[in-house]
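>>> Kindly return the folded structure for what I paste below:
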Amino acid sequence: MTADSLSLSVRGATIGDLSAIDAFIQPFVAEGRLLPRTIDELEDLLPTGFVALRDGEVVGFAALEIYSKKLAELRSLAVADRCRGQGIGRRLVDSCLNVARERSVFEVIVITSEEQFFQGCGFDFTLPGQKKALFYKTRDQA
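The predicted structure follows:
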């Protein structure tokens, strides 16, 4: 382990993290890499959200939104550009998937432009029985 990996922790998000998470994701939203989230939406995600911290600074975030026992969505995964390639995203995804397993959620979806990363985490374009997600956009902007 490197000194950097020793100073990294991934833990459940708390209400005390809310403003730091909001500030952390704003550049990703501005670049179009994440959808905008209101403070209320982020607060709703805290019970199933995770932060990656390096020396007390948020360097990653992800959350699992559980819709039902059948379906949850991995949302708002972001890792600071300077920290990419260090396994932080994978740890955040694993934390969310562990929540899904603990709560017996059948399927977890992710909507992403980073297909290869998520395929490396075990996601695929189809499920057994060749089920696929299809989308219909009702407006040009989120």
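
>>> Residues in contact with stretch 132-142: which ones?
Applying C-beta atoms under 8 Å, 6 or more residues apart in numbering, the contact partners of stretch 132-142 are 35-36, 109, 111, 125-126. Heads up, the C-betas are built off the backbone N, CA and C, glycines and all.

>>> Pick the one among those closest to residue 22.
Nearest to residue 22 out of the contacts of stretch 132-142 is residue 36 (C-beta to C-beta; 10.5 Å).

>>> out of everything not next to it in sequence, what's closest to that closest one?
Distance criterion C-beta to C-beta, 6 or more residues apart in numbering; nearest residue to residue 36, sequence neighbours excluded, is residue 29 at 5.0 Å.

>>> Let's verify the one you found: helix, strand, or coil?
The assignment at residue 29 comes out as helix when based on DSSP: H, G, I helix; E, B strand; the rest coil.

>>> Who are the contact partners of it?
Listed by C-beta under 8 Å, 6+ apart, the contact set of residue 29 reads 35-37.

>>> can you pick the most crowded of those residues?
residue 37 (19 neighbours; other C-beta atoms under 10 Å).

>>> give me every residue that touches that one.
Contacts of residue 37 by C-beta under 8 Å, 6+ apart are 22, 25, 29, 45, 76.

>>> try 7 Å
Going by C-beta atoms under 7 Å, 6 or more residues apart in numbering, residue 37 touches 25, 76.

>>> State the helix or strand in which it lies.
Using DSSP states H and E, residue 37 falls within no helix or strand.

>>> can you check the one 4 residues further on too?
Here residue 41 sits within helix 39-45, counting by DSSP H and E.

>>> now do residue 77
Using DSSP H and E, residue 77 falls in strand 71-79.

>>> Which neighbouring elements make contact with that strand?
Packed against strand 71-79 by the contact rule (3 or more C-beta pairs under 7 Å, 6 or more residues apart in numbering; DSSP states H and E) you find helix 18-30, strand 57-66, helix 88-102, strand 107-110.

>>> Paired strands for the shortest one, with orientation please.
Put plainly, it is strand 107-110. strand 71-79 (parallel) (DSSP bridges).

>>> mind listing what's buried in stretch 64-76?
Across stretch 64-76, burial judged by 16 or more other C-beta atoms under 10 Å covers 64-66, 72-76.
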